[in-house]
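> return a 3D structure for these sequence lines:
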Amino acid sequence: MDSLFAIPGLALIFGAVLVPLLPHALRQAYMLALIGLSAASLWGMAPGIHMTGSLAGLDLTPVRVHDYTAPFALVFHIAAALNVIYGMHETGRITPTAGLAYAGAAIAALFAGDFITLFIYWELTAFTSVALILNGKSPRALAASMRYLLMQVGSGVILLSGAVILWRSSGDLAIGALDATTPAGLLILIAFGIKAAFPLVSDWLQDAYPEASPVGTVMLSAFTTKLAIYMLVVCFAGTKPLIYIGVIMAVMTTFFALIENDLRRALAYSLNGQLGIMVIAIGIGSSLALSGAVMHAFASTIYQGLLFMGMGAVLHRTGTAKASGLGGLAKFMPLTLIFMAVGAASIASVPFFSGFATKSPTIGAAGKYGLEGVWLVLLFASVGALIHSGLRLGYHTFYAPNEAMQAEEAPRNMLLAMA
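Numbers count the residues shown, from 1 in each chain. As a prediction, this is how the structure comes out:
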């Protein structure tokens, strides 16, 4: 077998062991160097099998590149680097250590060519990311982390069960297109659906993400759900029920985001709604729709991360992310306001911003295939995003009357990451 470090992401997983041992400044440079090393391993990786092996008589494929792997791998590396920059002001060691290993596990999972390899990284993302929630250091964080871990580990167990049934029925563990009407396909779809925050199994997202530290929440927003979206693209493109699952996600989360007082929780609902748009595209399954899903996953990782960064900076400076406790920050945090306005314009699909470009293929595909109701839902979701992540969030945070509010601009490293 080739060098294990030829597996993208693996350098981050093993390199995380040294993170807590290094002094602060050296730690930041070390993490960025590891991310760069992992990103360099992507160079020249054409679609196809790049590494094979065996375990207990099972044929495994640790590295396989699918048609849509490269965009996800690229944005995961970008997000990992931005997370390091955003968290440079923190002196704690748990968040950077867990965050680096979490990013590495998510990146490595993208390249898994078989379900056993995927299961290993799938569970590793669960155990590393739960540390980010626990580091929120509150009773609510502890309770949310246990629910989160239960759902994530449960997703892995269901995934492994589906893989075993698939292997026993076909003798094959390769990741590829699956039939959701078979027992193996249905179990694997459920496993992916839990991580993608499908309806009825999505509470872990809204419960857990706001309970992490400001830096931890940004890290959480980047990887887990987008990994699930990637796997849905690879395995279940064109599975029509996904269209209606995505519709429910896009509509219901819009209403919850509009009434939520905790603005980080509102952004978590908003994230769930953006996932719904991607799930709709995967369900449509045409080349145009799948391109839209991948484009939107890429762009939303960036602009959703930007919005979480902005609210994290607000929480860092004011001690609250409650709409009822904020206001008047425009004169204290003008740069944060500008950066969050860019994120809000993107998520609302304002022309000339990324969300406008990345939602358009999915909207176009819905219209092309006569899905008028879905087309209207996609427009509704964009309007809803403008209201809750643009107008409402912006008003309550920066313009609502609050004469008692005093704050400083976000730390320079946070501003750099947002920029």
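> got any ranges where the protein has weak pLDDT?
Across the chain, the ranges flagged by pLDDT under 70 are 1-5.
> list the contacts for G367?
W375 (C-beta atoms under 8 Å, 6 or more residues apart in numbering). The C-beta positions use only the backbone N, C-alpha and C, and glycine is treated the same way.
> any idea how far the closest residue to I284 other than its chain neighbours lies from H66?
Nearest residue to I284 in three dimensions, chain neighbours excluded: A365, at 5.0 Å (C-beta to C-beta, 6 or more residues apart in numbering). Noted for A365: a distance of 20 Å to H66, by C-beta to C-beta, to the nearest Å.
> between these two, who's got more neighbours?
Comparing A365 with H66 by other C-beta atoms under 10 Å, the one with more neighbours is A365, at 25 against 19.
> just the CA trace of the host helix or strand of the more buried one, in CSV.
Using DSSP states H and E, A365 falls within helix 354-368. What follows is helix 354-368, C-alpha atoms only, in CSV (Å, rounded to 0.1, in the frame of the first residue of the first chain):
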residue,chain,number,x,y,z
SER,A,354,-22.6,33.6,-4.7
GLY,A,355,-26.0,32.2,-3.6
PHE,A,356,-27.7,33.7,-6.6
ALA,A,357,-25.4,31.7,-8.9
THR,A,358,-25.5,28.5,-7.0
LYS,A,359,-29.2,28.3,-6.4
SER,A,360,-30.0,29.1,-10.0
PRO,A,361,-29.2,25.7,-11.5
THR,A,362,-31.6,24.0,-9.0
ILE,A,363,-34.3,26.5,-9.6
GLY,A,364,-33.8,26.0,-13.4
ALA,A,365,-33.8,22.2,-13.1
ALA,A,366,-37.1,22.3,-11.1
GLY,A,367,-38.7,24.5,-13.8
LYS,A,368,-37.3,22.4,-16.6
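> and that helix, what's buried?
Within helix 354-368, the residues scored as buried using 16 or more other C-beta atoms under 10 Å are 354-366.
> likewise for stretch 312-321?
Applying 16+ other C-beta under 10 Å to stretch 312-321 flags G312, A313, V314, L315, H316, R317, T318, A321 as buried.
> next helix or strand past the helix or strand where the first one lies?
Pointing back at G312 there. For G312, the host element (DSSP H and E) is helix 287-318. Where DSSP H and E defines the elements, the next helix or strand beyond helix 287-318 is helix 334-347.
> can you give me the strands in this protein?
Taking DSSP state E as the criterion, the chain carries its strands at 48-55, 58-65.
> mind checking how far the last one is from the chain centre?
Average the C-alpha atoms of strand 58-65, do the same for its chain, and the two points are 24 Å apart (C-alpha atoms, centre = their mean, to the nearest Å).
> what's the spacing between A237 and A163?
Distance of A237 to A163, given as C-beta to C-beta: 19 Å.
> L37 now?
30 Å.
> what of V65?
20 Å.
> if we can go back for a sec, and the buried residues of stretch 312-321 as TSV, adding distance to F380?
TSV is the format used below for the buried residues of stretch 312-321 (distance: C-beta to C-beta, whole Å):
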residue	distance to F380
G312	28
A313	30
V314	28
L315	30
H316	33
R317	34
T318	32
A321	26
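> was I right about the residue nearest to I284 contacting S286?
Yes - in this structure, A365 is within contact of S286 by C-beta atoms under 8 Å, at 5.3 Å.
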